[in-house]
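> Here you go, sequence then predicted model.
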Amino acid sequence: MGAPLLILTALAACSNEAREVGPSLPQTPPVGNMDPRIAAYRANLYQVSQGGRYFTWYGCSSCHGDGAPGAANLADGRWQHGGGFADVYRAIAAHRPEPSYAGTIPVEQLWQVTAYVRDLPTHYPEKRRRVSLDQKGEPQGSRWSGPQ
Amino acid sequence: MRRCLASLPVVLLGGCAGNQSPLAPASDQAFALHSLFVLMMVVCGGVYLLVIAGVVWSLLSARSRRGTNTVPASERGLGRGLYVAAAAIVIGLTVLIVGSFLADRALVAARSEAAMIVRVTGHQWWWRIEYRDPASGRWIETANELHLPVGRTARVELASADVIHSFWVPNVSGKIDMIPGRRNIVDLTPRRLGWFRGQCAEFCGTQHAHMAFDIKVDSQADFDAWLARQNAVVEAAVSNTSSRGAAVFQRVCGSCHSVRGTPAAGRAGPDLTHFADRRSIAAGTLPMSRGAIQGWLAQPQALKPGTSMPAVPLLPADADAVASYLETMR
């Protein structure tokens, strides 16, 4: 009795990662915090973790890593430019101290990075450690020279 | 119909030949593995034939006794047969153990020689390949194409950036896992010139099947020339279109891809210096051609769903310019 129930429960959890692969991906920025496409990114575990990989790849963690001071801390839940999906997206795309990311990072990846950044305040320390362990070998920024 | 069925094994055996087969060995290590395979075939095939012969013999002798209802006076023959079978098993297993031990020794034998070092890193779903420049000691990076000089041992250091992959070039090497956080080593001494095909042999995600690479065994002189060419920076764009392409590439593609000698210095994706020299694109997914490059730029998610290469929204003229820039990168 217990085992089939357990399997069903486990299968139900898979919907958190459901995603479509293929050419139908967002090619334009969100039009507002109510954009219907946001639902597929906001709480989707795959999109959030993929955003985390791009966050590492593009070297964001060199300034916005764990325990970054003041405004660079993205995990404290305080948003200078608004905490809605489109607000965070816009803030990343028009990131000021760097050349604008809108021109250098493709739209779909910006959607994923936005989903990840908005998810950061909910990461408890164990999850953060787990994520950084998972991504230990991934390319980091432009000076990366190999996984070890 | 019967003739068709009879020719089926021949057709199936035909699949064993070619540039992705352990039955056509092209390196010392692959020869060692191949001879072990032949030895196992012979020993196990011999045992199989003996077992079948024993079964046939007992069936025939039972049939000849049918109806007589007599029990053989002595089982001495049977007892002797069992002794012979036990001896055959011991001898067969001993031969296999010795053969396996010798093959294993042959695989590690190359390690004491001075070897050329190549680093291969598995990514979802492509291969980062780095050579140490003999003059400066710097690493020369390329992707999805491994060149090796014939007759010289190359020590391939295998690592992974994300999940477990497995390095497998059936003609040249056995399978070696690429495990995150570890550096595995395999030595290869190619003995035959030519192109071979490598493939990831550990399921690593949706595009595991599209994680292949080409391997080229060159003469030492050809290999040196190739390595020197890889080490050189790409020549400046020659036409207006390709110089426009270079500008777009550096702005849009440069955050993930690098081209040595230009501002494009991204580390996340494959190094594209001398991209047009390669045989295929996207880790063996498409052959190298202008159409394939343009298709890959326009909609990579349709060609290799799930790849980290995103669909980059470019104006058609810009996409054309980038493709023509990539095509000239030799």
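Looks like it came in fine. Numbers count the residues shown, from 1 in each chain, chains lettered A, B, ... in the order given.

> check contacts around whichever residue of the stretch 151-300 of chain B sits closest to chain A.
Here the stretch 151-300 of chain B gets closest to chain A at one residue, B:A268, 3.9 Å apart by C-beta to the nearest C-beta. All C-beta atoms are positioned from the backbone trio N, CA, C, and that covers glycine. Residues near B:A268 by C-beta atoms under 8 Å, 6 or more residues apart in numbering or on different chains: A:W57, A:Y58, A:P139, B:S255, B:C256, B:S308.

> Confirm for me that the first one is in contact with B:C256.
Yes - assessed by C-beta atoms under 8 Å, A:W57 is found in contact with B:C256 at 7.1 Å.

> Identify the contacts common to those two.
Common contacts of A:W57 and B:C256 (C-beta under 8 Å, 6+ apart): B:R267, B:A268.

> ok, back up a step: okay, and which of the contacts of B:A268 map to helices?
Counted as lying in helices by DSSP state H, out of the contacts of B:A268, are A:W57.

> Tell me the one of the contacts of B:A268 nearest B:W57?
In terms of C-beta to C-beta, no member of these lies closer to B:W57 than B:S308, at 62.7 Å.

> for that closest one, what are its contacts?
A:R53, B:Q124, B:A268, B:G269.

> filter these to the buried ones?
Using 16 or more other C-beta atoms under 10 Å in any protein chain shown as the burial test, the contacts of B:S308 include A:R53, B:Q124, B:A268, B:G269 as buried.

> from those residues, which ones fall inside helices?
Mapping these onto helices (DSSP H) picks out A:R53.

> Extract the CA atoms of the helix-or-strand element of chain A with minimal mean pLDDT and return them as CSV.
Across the helices and strands of chain A, mean confidence by mean pLDDT, DSSP states H and E is lowest for helix A:2-12: a mean of 76. The C-alpha coordinates for helix A:2-12 follow below in CSV (Å, rounded to 0.1, in the frame of the first residue of the first chain):
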residue,chain,number,x,y,z
GLY,A,2,2.7,2.4,1.1
ALA,A,3,5.1,1.9,-1.8
PRO,A,4,2.8,2.8,-4.8
LEU,A,5,1.7,5.9,-2.8
LEU,A,6,5.3,6.9,-2.3
ILE,A,7,6.1,6.4,-6.0
LEU,A,8,3.1,8.6,-7.0
THR,A,9,4.2,11.3,-4.6
ALA,A,10,7.7,11.2,-6.0
LEU,A,11,6.4,11.4,-9.6
ALA,A,12,4.3,14.4,-8.7
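
> after that helix, next one along is what?
The C-terminal neighbour of helix A:2-12 among helices and strands, as given by DSSP states H and E, is helix A:39-42.

> you'd agree B:E327 is up against B:A292?
No - distance between B:E327 and B:A292: 10.5 Å, which falls outside the contact criterion (C-beta under 8 Å).

> Return the distance of the least confident helix or strand of chain A from the chain's centre.
Centroid separation for helix A:2-12 versus its chain: 29 Å, with C-alpha atoms, centre = their mean, to the nearest Å.

> So which residues make contact with it?
Outside helix A:2-12, not one residue touches it by C-beta under 8 Å, 6+ apart.

> residue contacts, B:R132?
B:M116, B:I117, B:R138, B:W139, B:I140.

> ok, now with 6 Å
Contacts for B:R132 (C-beta atoms under 6 Å, 6 or more residues apart in numbering or on different chains) come out as B:I117.

> The one 3 residues further on too?
In this structure, B:A135 makes contact with no residue, judged by C-beta under 6 Å, 6+ apart.

> Next, give phi and psi for it.
With angles defined as degrees, to the nearest 10, B:A135 sits at phi -80, psi -50.

> and the gap between A:P106 and chain B?
According to C-beta to the nearest C-beta, to the nearest Å, A:P106 stands 4 Å off from chain B.

> Report how many residues lie close to that residue.
By other C-beta atoms under 10 Å in any protein chain shown, the residues close to A:P106 number 23.

> The residue lying closest to it once chain neighbours are set aside: how many residues sit nearby?
Take A:P106 and drop its neighbours on the chain: the residue closest to it by C-beta to C-beta, 6 or more residues apart in numbering or on different chains is B:P310, 4.0 Å away. Using other C-beta under 10 Å, the number of residues around B:P310 comes to 19.

> what does the one 5 residues further on give?
The number of residues packed near B:L315 is 9, by other C-beta under 10 Å.

> next one: the one 4 residues further on
Summarising burial for B:A319: neighbours were counted as other C-beta under 10 Å, giving 18.

> Would you confirm that it contacts B:L297?
Yes - proximity of B:A319 to B:L297 meets the contact threshold set by C-beta atoms under 6 Å, at 5.3 Å.

> Now the helix or strand in which A:L110 is found: average pLDDT?
A:L110 belongs to helix A:107-119 when elements are defined using DSSP H and E. Helix A:107-119 carries an average pLDDT of 91.

> where does chain A dip in pLDDT?
Counting by pLDDT under 70, the ranges of chain A that qualify are A:1, A:13-14, A:20-24, A:96-99, A:148.

> which one is the most centrally placed residue in it nearest to, not counting chain neighbours?
Using C-alpha atoms, centre = their mean, the residue of chain A that lies closest to the mean C-alpha position is A:Y116, 1.9 Å off. Spatial nearest neighbour of A:Y116, excluding adjacent residues (C-beta to C-beta, 6+ apart): A:G51 at 3.0 Å.

> Distance check, B:V248 against B:E75.
Here B:V248 is placed at a distance of 88 Å from B:E75 (C-beta to C-beta, to the nearest Å).

> When those two are compared, which one has more neighbours?
More neighbours surround B:V248 than the other of B:V248 and B:E75, with 19 against 11 (other C-beta under 10 Å).

> tell me the contacts of the more buried one?
With contact set as C-beta under 6 Å, 6+ apart, B:V248 has these partners: B:D318, B:A321, B:V322.

> Same question for A:R37.
A:P26.

> B:A265 now?
With contact taken as C-beta under 6 Å, 6+ apart, B:A265 is in contact with A:S142, B:S258.

> run the last query once more with 8 Å
Counting by C-beta under 8 Å, 6+ apart, B:A265 touches A:S142, B:G254, B:S258.

> Now neighbour count and distance to B:Y131 too, for those, in TSV please.
Shown next, in TSV, are these (neighbours: other C-beta atoms under 10 Å in any protein chain shown; distance: C-beta to C-beta, whole Å):
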residue	neighbour count	distance to B:Y131
A:S142	16	21
B:G254	19	23
B:S258	22	16
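
> of all those residues, which comes closest to B:L314?
Distance ranking of these against B:L314, using C-beta to C-beta, places B:G254 first at 13.8 Å.

> Return the per-residue confidence for the closest one.
On the pLDDT scale, B:G254 is placed at 88.

> and the gap between the residue lying closest to it once chain neighbours are set aside and B:H257?
Nearest residue to B:G254, sequence neighbours excluded (C-beta to C-beta, 6+ apart): B:A264, at 3.3 Å. Distance from B:A264 to B:H257, counting by C-beta to C-beta: 6 Å.

> how far does stretch B:251-264 sit from the chain's center?
Mean C-alpha position of stretch B:251-264 versus that of the full chain (C-alpha atoms, centre = their mean) differs by 29 Å.

> any idea how far the nearest residue to B:T189 once chain neighbours are set aside lies from B:L39?
Leaving aside its chain neighbours, B:T189 sits nearest to B:D28 (4.2 Å; criterion: C-beta to C-beta, 6+ apart). Separation of B:D28 from B:L39 (C-beta to C-beta): 17 Å.

> Mind checking which of those two has more residues around it?
When B:D28 and B:L39 are compared on other C-beta under 10 Å, the one with more neighbours turns out to be B:D28, at 20 against 17.
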